[in-house]
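Colleague: Make a model of this:
(one chain, ligands or ions: 2)
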Amino acid sequence: MQIHILGTSSSRPAHGRSVSGSVINTNKGAIIVDCGEGFQERIFNHNKKLKLQKSNFRIKFGKINTILLTHGHLDHTWGLLPFLKTLSLDGRNLPITVIAPTSHDIINKLTSSKNPFTEITDLEPSNVDLCFQYRQWWSLGGTTDALNFQVNWILIGVDENDEIGKLNAILLDPDNNNVQPVDNLKNYTNEVEIMNVPTLHSVPSCGWWIKEDDKKGKFNSELAEKNNLNKIQIKKLANGEDIENHSSKYYRESGILGPSVLISGDTAGENMGFQNFSKTNYKTSLLIHEATFLEENIDRANQYLHSTAIQAAQNAKLINANNLVITHYSSRIKDTSNLISEASNEFDMVHAASDYDIINLTFDDIEIIS
Ligand SMILES: [Zn+2]
Ligand SMILES: [Zn+2]
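Modeller: Ligands and ions are numbered 1, 2, ... in the order given. Take a look at the predicted model:
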């Protein structure tokens, strides 16, 4: 798994840093997490550089199958529609899935009406609610009909106190005026395992946990030959079936666990989502957590529901992540070394992301290419 960091600034570009956006290459295709303003220019420039370097990690646009948004603030969403338009101009014909959080109330209202354009203003959503942004994007040409490739528009209901792994999601089809429930996100992500982790921010928000599949160990055919097994017996063992006097597990080398990453999006440091996630058995190789402020600005962090670097580190410890990468710096922060030294008091494996970093991740190892 490789994670390409394409923006580390909060709210607005500052000190050469752009706003949020990441691309994750998995063995089942690429996933975008957030795409703030200028996203398409950043992804194109980054990829052009990787192509010139003949890098194995370059992003293949045809492999991008899912775009995940963490919340509706424009520094995380403004670049989405221009990027979809460009994919359309490039002649894309493969489907793409967009998944974004909103409130449970909005999901429940759309579900009961079965109309993606149902009036929701009585629920008093924020004016950047992703339900509204979807409608604006559709009216500006973000539909399957206008783009000439299928877009699966999914909204999920989130609340800080949600049970981890419990899904309340709908698929919206603006071309046919239709709303359908979604039982399993995997059906829309090319089978990549993803899960929302509710967070606490001024609008409905969630982090995204993404896991690459475990790899099966190699079948030991030499041992099978040595034991004079016939083809039918070997086939059974290779398929994981036990046969008389032979257990299939002795014929397969141990597998490799797939890496997993949790990207926090914007969140207050103390939140129920991370508390609840820490009580589950989900393993996290890498936590990418926002660290908008230094500890001297903890009051601002609390007021605007953002985190300090220390809180990011406390959350890494809480969920038992192997590594922490911090991002989403306030424009007050010129140099990230103070964030690292504060976070390091709480957690050992901290890196402060820079724009265009590539994080090469395995289950138990991390390499950062700056
Ligand atoms: Zn933000
Ligand atoms: Zn935000």
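Colleague: The stretch 1-150 of the chain against ligand 2: which residues are in contact?
Modeller: Along the stretch 1-150 of the chain, the residues adjacent to ligand 2 under the rule CB under 5 Å from the ion are residue 73. Backbone N, C-alpha and C define where each C-beta goes, glycine included.
Colleague: can you pull out the strands in the stretch 1-150 of the chain?
Modeller: Applying DSSP state E, counting those that start in this stretch to the stretch 1-150 of the chain gives strands spanning 2-5, 21-26, 29-35, 64-68, 96-102.
Colleague: what's the closest of those strands to ligand 1?
Modeller: strand 29-35 (8.3 Å; CB to the ion).
Colleague: Could you list every helix and strand in contact with that closest one?
Modeller: Judged by 3 or more CB pairs under 8 Å, 6 or more residues apart in numbering; DSSP states H and E, the packing partners of strand 29-35 are strand 21-26, strand 64-68, helix 74-77, strand 206-211.
Colleague: so what secondary structure elements neighbour the first one?
Modeller: The reference is to strand 21-26. strand 2-5, strand 29-35, helix 39-52.
Colleague: can you check the shortest one too?
Modeller: Here helix 74-77 touches strand 29-35, going by 3+ CB pairs under 8 Å, 6+ apart.
Colleague: For this protein, just list every one of the helices.
Modeller: Using DSSP state H, the helices found in the chain span residues 39-52, 74-77, 80-89, 104-113, 130-139, 144-147, 221-226, 231-238, 272-278, 298-304, 309-318, 337-344.
Colleague: Give me the helices and strands touching the longest one, please.
Modeller: Which is helix 39-52. Contacts defined by 3+ CB pairs under 8 Å, 6+ apart place helix 39-52 against strand 21-26, helix 80-89.
Colleague: Go through the ones you listed and pick out the most buried.
Modeller: Each of the helices and strands packed on helix 39-52 was scored by mean neighbour count; the highest is strand 21-26, a mean of 25, by mean count of other CB atoms under 10 Å.
Colleague: which residues are in contact with that strand?
Modeller: By CB atoms under 8 Å, 6 or more residues apart in numbering, the residues outside strand 21-26 that reach it are 1-7, 30-36, 39, 42-43, 57, 59, 63-64, 79, 192, 210, 212, 261, 263, 288.
Colleague: One more: stretch 236-249?
Modeller: Here stretch 236-249 makes contact (CB under 8 Å, 6+ apart) with 219, 224, 227, 229, 233, 251-252.
Colleague: Also stretch 123-139?
Modeller: The contact list for stretch 123-139 (CB under 8 Å, 6+ apart) reads 69, 71-74, 77, 80-81, 84, 100-103, 105-106, 109-110, 116-117, 120, 142, 153, 155, 172, 174, 202-204.
Colleague: What's the PyMOL syntax to select whichever of the contacts of strand 21-26 are buried?
Modeller: Applied in PyMOL, the following selects the buried portion of the contacts of strand 21-26 according to 16 or more other CB atoms under 10 Å:
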select buried, resi 1+2+3+4+5+6+7+30+31+32+33+34+35+36+39+42+43+59+64+79+192+210+212+261+263+288
